[in-house]
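Participant: What shape does this take:
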Amino acid sequence: MSQFFYIHPDNPQPRLINQAVEIIKNDGVIVYPTDSGYALGCAIGNKSAMERIVKIRKLPENHNFTLVCSDLSELSNYAMVSNQAYRLIKNNVPNPYTFILPATKDVPRRLLTKRKTIGIRVPQNEIALALISALGEPILSCSLMLPDEEITQSDPEAIRDLLERQVDLIIHGGYLGAEPTTVIDLTDDSPVIIREGSGDLTPFL
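Facilitator: Below you'll find the predicted structure:
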């Protein structure tokens, strides 16, 4: 049975944030809120936790996982970013965008697609940002869209009913929108919109 934390969406309680981080550090899989519905997350270096997420989502091989960061200072550790791409990202975060970028050697090989890319994003959500800050590194994540669904889970009570035996912690951070992030490929000179989601497309057209 998973734990279930009620965390304030605007003023996250440090005690609960620290407990959540300990769960992540101890091989846990968590459900946590973002600015585009709820997400599944675990530590970057935890292969078994990542495999549990793959099983829950029934993800195909070569799925682009996302590193959810607290700010752009972490970007160069995990992605190779041109000046043009950096300016575009800087002007549009935090927001519900996932940016696909060439990965650096610091990204574990099991996270890479055949193109050796990784997703990067900075969410506009106080709970997510507090978790990343306390953890000291990005959270390996993917949107909580269950198999054969195209919207993210937005009701933490419903998530509890569905997943309480498959994850270690569910964070109730409010009832959220159900649209996933907009995904933009920045591996070439011009942005390519891979998935239209809750983020405004205008800056990338």
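Participant: Can you mark which positions in stretch 36-50 are buried?
Facilitator: Using 16 or more other CB atoms under 10 Å as the test for burial, stretch 36-50 gives Ser36, Gly37, Tyr38, Ala39, Leu40, Gly41, Cys42, Ala43, Ile44, Asn46, Ala49, Met50. From N, CA and C alone the C-beta is placed, and that goes for glycine too.
Participant: where do the strands sit along the protein?
Facilitator: Secondary structure of the chain (DSSP state E): strands at 3-6, 30-34, 37-42, 66-68, 97-102, 117-121, 139-143, 169-172, 182-185, 192-195.
Participant: Next, the contact list for the residue most central in space within the chain, please.
Facilitator: For the chain, Ser141 is the residue whose C-alpha lies nearest the centre (CA atoms, centre = their mean; 3.6 Å). Applying CB atoms under 8 Å, 6 or more residues apart in numbering, we find Ser141 in contact with Thr34, Ala39, Leu40, Gly41, Phe65, Thr66, Leu67, Val68.
Participant: Pick the one among these closest to Val21.
Facilitator: Using CB to CB, Gly41 comes nearest to Val21 of the contacts of Ser141, at 10.9 Å.
Participant: so who does that closest one touch?
Facilitator: Residues near Gly41 by CB under 8 Å, 6+ apart: Ile24, Val29, Ile30, Val31, Tyr32, Val68, Leu131, Ile139, Leu140, Ser141.
Participant: 6 Å instead, please
Facilitator: Listed by CB atoms under 6 Å, 6 or more residues apart in numbering, the contact set of Gly41 reads Ile30, Tyr32, Ile139, Ser141.
Participant: Dump the contacts of Ser141 into JSON lines; add distance to Leu163 and pLDDT as well.
Facilitator: Compiled in JSON lines, the contacts of Ser141 are given as follows (distance: CB to CB, whole Å; pLDDT from 0 to 100):
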{"residue": "Thr34", "distance to Leu163": "16", "pLDDT": "95"}
{"residue": "Ala39", "distance to Leu163": "12", "pLDDT": "95"}
{"residue": "Leu40", "distance to Leu163": "9", "pLDDT": "97"}
{"residue": "Gly41", "distance to Leu163": "13", "pLDDT": "98"}
{"residue": "Phe65", "distance to Leu163": "18", "pLDDT": "87"}
{"residue": "Thr66", "distance to Leu163": "19", "pLDDT": "95"}
{"residue": "Leu67", "distance to Leu163": "22", "pLDDT": "96"}
{"residue": "Val68", "distance to Leu163": "19", "pLDDT": "97"}
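Participant: Convert the C-alpha atoms of the worst-scoring helix or strand of the chain on mean pLDDT to PDB, please.
Facilitator: Comparing helices and strands within the chain by mean pLDDT, DSSP states H and E singles out helix 75-78 as the least confident, with a mean of 91. The C-alpha atoms that make up helix 75-78 are tabulated as PDB, following Å, rounded to 0.1, in the frame of the first residue of the first chain:
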ATOM      1  CA  LEU A  75      20.400  21.900 -18.100                       C
ATOM      2  CA  SER A  76      24.000  21.600 -19.300                       C
ATOM      3  CA  ASN A  77      24.600  18.600 -17.000                       C
ATOM      4  CA  TYR A  78      22.100  16.500 -19.000                       C
END
